[in-house]
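> here is a sequence with its predicted model. Questions after.
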Amino acid sequence: MSPTYIYKCDRCQATAEAVHSITKSPKVTCPKCKKSMRRVITGGAGVIFKGEGWPGQDIKREKEK
């Protein structure tokens, strides 16, 4: 599965999303003014570990005993 990237037009401030491999850097054109767009750096998504065996859960269980 490829990540989704956000692009922004410097001319008209329009934004667009593009799904592509991390190794590719396609030329994305603005849907409004047809100029090239630049990729915006975002914070990304957080990772949540669920299930047994993760360090945070082991410490919590020791305190409960």
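The structure has been received and is ready for your questions.

> low-scoring stretches of the protein, by residue?
The model of the chain has pLDDT under 70 over residues 44-45, 53-65.

> switch to 80 and redo it
Flagging of the chain using pLDDT under 80 yields the residue ranges 1, 25, 42-65.

> where do the strands sit along it?
Along the chain, counting by DSSP state E, strands occupy 4-8, 15-19, 38-40.

> out of the ones you listed, deepest packed?
strand 4-8 (a mean of 15; mean count of other CB atoms under 10 Å). Glycine gets a C-beta too; all of them are placed from N, C-alpha and C.

> strands paired with that strand, and their directions?
strand 15-19 (antiparallel), strand 38-40 (antiparallel) (DSSP bridges).

> all helices for the chain, in order.
Ranges of helices within the chain are 55-64, based on DSSP state H.

> just to check, Arg38 is in contact with Arg11?
No - under the criterion of CB atoms under 8 Å, Arg38 makes no contact with Arg11, lying 10.7 Å away.

> if we can go back for a sec, and the strands paired with strand 4-8 as CSV, adding distance to Lys27?
Listed next are the strands paired with strand 4-8 as CSV, based on distance: least, CB to CB, whole Å:
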stretch, distance to Lys27
strand 15-19, 10
strand 38-40, 11
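
> now for these, which one comes closest to Cys30?
Cys30 sits nearest to strand 15-19 of all the strands paired with strand 4-8, at 7.2 Å, using CB to CB.

> dump the closest one to PDB, restricted to CA.
Extracted C-alpha coordinates of strand 15-19, given in PDB (Å, rounded to 0.1, in the frame of the first residue of the first chain):
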ATOM      1  CA  THR A  15      -4.500  21.500  -2.200                       C
ATOM      2  CA  ALA A  16      -4.600  18.000  -3.600                       C
ATOM      3  CA  GLU A  17      -3.800  14.500  -2.600                       C
ATOM      4  CA  ALA A  18      -1.800  11.900  -4.500                       C
ATOM      5  CA  VAL A  19      -1.100   8.300  -3.700                       C
END
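
> who's in contact with Gln7?
One thing to correct before we go on: residue 7 is Tyr, not Gln. The contact partners of Tyr7, taken as CB atoms under 8 Å, 6 or more residues apart in numbering, are 15-18, 28, 37-40.
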